[in-house]
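Engineer: My questions are about this predicted structure, shown below with the sequence.
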Amino acid sequence: MHRFHPLLALQLRDHLGISGDPPDDLRAFLDAVNRAYARRDQDQNELEAILEQRTRELLTANQELRALVGDMESRVKERTRLYAEVNDRLVREAAQRKRAEAKYRGIFENSAEGMFQSTMNGRLVSANPAMAHMLGYATPEELISAVNDLGADLYARAEDRDRYLDALLREGRVASFEAEFHHNDGTLRWGRLTAVLVRDAADRPLHIEGTCADVSGRKEFELALRAAKEKAEELSRLKSNLLSMVSHELRTPLTSILGYSKIITRQFDKVLPLLGANAGSIRATERILANLSIIHVEARRLTELINNVLDLAKLESGSVEWRMESVSLEEVLAHSLDATRVLFRERGLALDSAVATDVPPVLGDRDRLVQVCINLLSNAAKFSDQGTVRCCVTREGGMVCVSVADQGVGIPGDALDSVFAKFKQVDDTLTGRPRGTGLGLSICKEIVEQHGGSISVQSTPGLGSTFRVTLPVHR
Ligand code: ADP
């Protein structure tokens with residue numbers, strides 16, 4: 001085997017990059033070469049694997065980067081779109097605000113109602129032309145410079161402004177606050193203020209904004225109305241006093257007239273036998289007795305009239321004391337029938353009454369309800385010459401109804417509405433003389449309406465009349 005020169009062997013070792021002993025013969029050299037190749041192939045493979053790995057990593061990184069860039073781009077696009085939208089909106093809003101400002105300025109300038117803005121310590125910040133004119137100034141500027149202190153310069157009574165400020169601080173707003181103001185012409189005018197208190201972000205009062213209308217005309221009317229009402233009340237008091245005075249003055253002699261006419265009639269029984277059978281004296285006595293009867297009847301009618309006039313005056317002036325309680329109309333009707341039975345007997349009339357089983361009580365003044373029923377029953381007796389008078393108590397939903405139906409003279413259609421009016425009496429064509437006072441039904445109406453009920457009549461002349469009273473059920 002050929003051996004290499006040691007120097008060559010060293011050179012070959014370095015050339016082949018071998019560590020350790022250099023190849024000393026060709027075989028060793030070839031082995032070393034092969035090993036070197038094998039090592040190089042292995043290194044190359046490893047390098048290629050690393051390269052492939054790196055390339056993959058680079059590709060992934062590149063993809064991620066692209067995704068990131070894409071994401072960034074779409075975000076930028078979205079932001080740009082949003083900014084454009086916001087910008088458009090702001091431009092639109094600014095234009096709208098401008099239009100609104102112009103509109104509100106127009107309203108402020110042209111309003112017929114006074115508008116103002118004032119500070120808490122009583123200075124006017126702004127006012128519209130209507131406000132200036134209302135207070136007698138040519139322009140808002142003139143008004144603003146003339147008023148240094150609203151309380152002292154404009155309000156007729158400074159305490160009104162204090163009340164107004166108190167209400168504003170308490171409620172945050174005032175509505176329809178009325179006060180008197182100094183007009184520039186030296187007179188006083190009534191104004192109606194509606195205002196709100198404007199506060200800052202820290203809730204501190206900033207200023208007041210409001211409107212003011214001149215209500216002097218209405219106020220004068222109200223004051224005149226109040227004066228007229230007071231006058232009317234005074235007159236009504238006078239009327240009541242006069243009525244009770246007159247009634248007292250009339251009732252006392254009437255009691256004497258009634259009493260003495262009765263006594264004289266009775267005393268005639270003793271005088272008559274003394275007169276003997278003289279025809280002239282008998283005729284004279286009969287005439288005296290007939291006249292005495294007229295005096296008696298008329299005195300009774302006058303007493304009834306006075307009582308009715310007084311009762312109606314009391315009802316109309318609201319000075320009646322109502323004793324309201326739960327009342328059974330069945331019992332009221334029974335009591336009224338007992339009180340009037342004699343009238344029906346006297347006039348030969350039949351009486352019939354029917355009460356439904358399920359009738360609840362009403363809330364009322366028992367005696368006054370008896371008064372209504374007695375009046376309706378007396379009328380039925382008074383205005384009937386024959387037939388039956390039928391009384392019913394029924395329930396109609398939330399109401400209880402009492403009806404009194406007669407078969408008497410009836411009431412003509414054109415007089416039906418007026419029978420409840422004061423002093424209204426349907427003409428009595430038979431006798432030409434009134435049979436009552438014409439106040440009974442007016443009194444009934446007042447009483448029934450005071451109970452929240454109603455009274456009505458249906459009638460056919462010649463066949464009879466039905467009066468109905470309805471009252472709410474007592475719950
Ligand atoms: P008065 O009976 O005292 O005259 P009212 O106010 O009770 O007064 O009645 C007013 C009028 O209504 C009566 O005068 C009469 O003409 C008429 N009137 C009342 N009730 C009846 C009745 N039941 N039938 C016919 N007419 C009646």
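Structural biologist: Received, thanks.
Engineer: Please enumerate the strands of the stretch 1-150 of the chain.
Structural biologist: 114-119, 124-127 (DSSP state E, counting those that start in this stretch).
Engineer: The ones you listed into JSON lines, with extra columns for mean pLDDT, distance to Lys424 and mean neighbour count?
Structural biologist: Quick note: C-beta positions are derived from backbone N, CA and C, even for glycine. Formatted as JSON lines, these follow (pLDDT from 0 to 100; distance: least, CB to CB, whole Å; neighbours: other CB atoms under 10 Å):
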{"stretch": "strand 114-119", "mean pLDDT": "95", "distance to Lys424": "54", "mean neighbour count": "20"}
{"stretch": "strand 124-127", "mean pLDDT": "94", "distance to Lys424": "61", "mean neighbour count": "18"}
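Engineer: Could you point out which of those strands sits nearest the ligand?
Structural biologist: Taking CB to the nearest ligand atom, strand 114-119 is the member of those nearest to the ligand, at 56.5 Å.
Engineer: Spit out the contact partners of the residue nearest to Ser293 when sequence neighbours are not counted.
Structural biologist: Leaving out its chain neighbours, the residue that sits closest to Ser293 by CB to CB, 6 or more residues apart in numbering is Thr265, at 7.5 Å. Contacts were defined as CB atoms under 8 Å, 6 or more residues apart in numbering; by that measure Thr265 touches Leu289, Leu292, Ser293, His296.
Engineer: Quickly note the distance from Thr265 to Ser240.
Structural biologist: 36 Å (CB to CB, to the nearest Å).
Engineer: Which pLDDT value belongs to Gly432?
Structural biologist: Listed pLDDT for Gly432 reads 46.
Engineer: actually Gln458, not the one I wrote
Structural biologist: pLDDT at Gln458 comes out at 97.
Engineer: ok, now the one 3 residues further on?
Structural biologist: At Pro461, the pLDDT value in this model is 95.
Engineer: Quick check: it touching Gly408?
Structural biologist: No: if you go by CB atoms under 8 Å, Pro461 and Gly408 don't touch, sitting 10.1 Å apart.
Engineer: between the two, which one's more packed in?
Structural biologist: A count of neighbours by other CB atoms under 10 Å puts Gly408 above the other of Pro461 and Gly408, at 23 against 13.
Engineer: The closest residue to Ala138 other than its chain neighbours: neighbour count?
Structural biologist: Nearest non-adjacent residue to Ala138, counting by CB to CB, 6+ apart: Ala132, 6.9 Å away. Neighbours of Ala132 under the rule other CB under 10 Å: 22.
Engineer: swap in Ile257?
Structural biologist: The burial count for Ile257: 16, using other CB under 10 Å.
Engineer: Could you do Met324 as well?
Structural biologist: 14.
Engineer: separation between it and Ile107?
Structural biologist: 55 Å.
Engineer: what do you get for Asp166?
Structural biologist: 30 Å.
Engineer: ditto for Glu233
Structural biologist: 45 Å.
Engineer: same check, this time on Leu310
Structural biologist: For Leu310, the distance to Ile107 - CB to CB - is 61 Å.
Engineer: now swap in Arg97 and tell me
Structural biologist: Taken as CB to CB, the span from Arg97 to Ile107 is 15 Å.
Engineer: What of Thr460?
Structural biologist: Taking CB to CB, one finds Thr460 at 66 Å from Ile107.
Engineer: again, but for Phe268
Structural biologist: When Phe268 is compared with Ile107 (using CB to CB), they lie 94 Å apart.
Engineer: Get me the contact residues on the stretch 301-450 of the chain for the ligand.
Structural biologist: Proximity of the stretch 301-450 of the chain to the ligand (CB under 6 Å from any ligand atom) is limited to residues 375, 379-380, 383, 406, 408-411, 419, 424-426, 436-442.
Engineer: of these, buried ones?
Structural biologist: Buried members of these, scored by 16 or more other CB atoms under 10 Å, are 375, 379-380, 383, 406, 408-411, 419, 425-426, 436-442.
Engineer: Look up which residues are beta-bridged to Gly210.
Structural biologist: On the basis of DSSP bridges, Gly210 is bridged to Phe116, Ala195.
Engineer: Please report the distance of it from Ala146.
Structural biologist: Relative to Ala146, and taking CB to CB, Gly210 is found at 19 Å.
Engineer: just Arg99 next, same as before
Structural biologist: 34 Å.
Engineer: And Val359, by the same measure?
Structural biologist: 75 Å.
Engineer: sorry, back to before: now, which of the buried ones among the residues of the stretch 301-450 of the chain next to the ligand lie within helices?
Structural biologist: Asn375, Asn379, Ala380, Gly440, Leu441, Ser442 (DSSP state H).
Engineer: Export the residues you listed as CSV, with columns for distance to Asp214 and pLDDT.
Structural biologist: CSV is the format used below for those (distance: CB to CB, whole Å; pLDDT from 0 to 100):
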residue, distance to Asp214, pLDDT
Asn375, 54, 96
Asn379, 57, 95
Ala380, 61, 96
Gly440, 52, 93
Leu441, 49, 95
Ser442, 45, 94
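Engineer: Just send those residues back as JSON lines, with distance to Ala202 too.
Structural biologist: Below are these laid out as JSON lines (distance: CB to CB, whole Å):
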{"residue": "Asn375", "distance to Ala202": "74"}
{"residue": "Asn379", "distance to Ala202": "78"}
{"residue": "Ala380", "distance to Ala202": "81"}
{"residue": "Gly440", "distance to Ala202": "74"}
{"residue": "Leu441", "distance to Ala202": "72"}
{"residue": "Ser442", "distance to Ala202": "68"}
